[in-house]
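1. my questions concern the predicted model and sequence given below.
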Amino acid sequence: MGNLMRGGSSTDKVNTDSSLKGSEDDMVVVLQDYPLPEISEPIYRMGEKLRLIAQEAYWWRVRSIQTQKENYIPNSHVAKVFHGWLFESVERQKAEELLCLPGNRVGSFLVRESARERGLYSLSVKHRIVKHYRIFRLDNSWYYISPRLTFQCLEDMINHYSDFADGLCCALTSPCLSGMTPPSDASPGAPPVVMRRNFDWKKIDRRQLVSTDSPGDNMVSYGVRNSIAAYLSFSGNDSAQTRAESRKKKRKSVYALPENGLGNIDYDDDF
């Protein structure tokens, strides 16, 4: 398929490691519970995302996205994350542990940089198992997983494999842990929940249930009365026969995992 270029000139493309890791606030992900559960109740759990406030030698000051509270954590317990999917210095086994956390679905992925050698990348994808693909780099700094398809930058590669599996185990769906970040606060327009007093349904006059013009202090809400009236009207017209015919028309839904070229590319690595 040759080199893939997404709109814009080549000068607009990002093709250096330094530019990949700039232009956004520093985010880190917790790689293991801290402190360990056998020591005390953990302050931070594996997979939790934190905002990096300051790097102070071995200890980093971080802020919880969920609680907004600040604290310190050893830098060995966290990894920087860029663009939501580029994880710095994460080993293969730790990538599998992160992708297997609840909230990640089929197609969840991350690109991890080798902890042993900077500039070496792998793509890890959750499928039936976690699959790993070595990302190679040409002399001109273009990237590829399959030699037949090269990309000027990692963003282009992720964009392409999000649209097409193209030899991977499946298309990429969402960055690892993206579904695990809790909302900062409740939606401002959420209506209040009002609890109605308990009452005995047996003591309700049937005329109150089907009437749509009852007084506002009726024990049954206007919406419920409308629904009941509509149901009673519908159920009076050969309801038994209608329900029987409806049951015959039901069909089972079956979800099958994609098989897009499974095994066509599998550059498994050891770092």
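-> That came in fine, so what should we check first? Residues are numbered from 1 along each chain as shown.

2. C-alpha coordinates for stretch 58-73, CSV please?
-> Backbone C-alpha positions of stretch 58-73 (Å, rounded to 0.1, in the frame of the first residue of the first chain) are rendered in CSV as follows:
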residue,chain,number,x,y,z
TYR,A,58,13.0,9.8,43.4
TRP,A,59,9.7,11.2,44.6
TRP,A,60,7.1,12.8,42.2
ARG,A,61,4.4,15.1,43.4
VAL,A,62,1.1,14.2,41.8
ARG,A,63,-2.6,15.2,41.9
SER,A,64,-5.5,12.7,41.8
ILE,A,65,-7.8,13.4,38.9
GLN,A,66,-10.7,11.9,40.9
THR,A,67,-10.2,13.7,44.3
GLN,A,68,-7.9,16.6,43.3
LYS,A,69,-5.8,15.8,46.3
GLU,A,70,-2.0,16.1,46.0
ASN,A,71,0.6,13.6,47.4
TYR,A,72,4.0,12.0,46.7
ILE,A,73,4.6,8.7,44.9
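
3. list the contacts of it.
-> Identification of contacts with stretch 58-73 by Cβ atoms under 8 Å, 6 or more residues apart in numbering yields 28, 30, 34, 43-44, 48-56, 74-76, 78, 181-182, 184. Yep, even glycine has a C-beta here, placed from its N, CA and C like the rest.

4. among the residues you listed, name the buried ones.
-> In terms of neighbour count (16 or more other Cβ atoms under 10 Å), the buried residues within the contacts of stretch 58-73 are 28, 30, 34, 43-44, 48-50, 52, 75, 78.

5. tell me how many other residues crowd residue 80.
-> Neighbour count for residue 80, taken as other Cβ atoms under 10 Å: 19.
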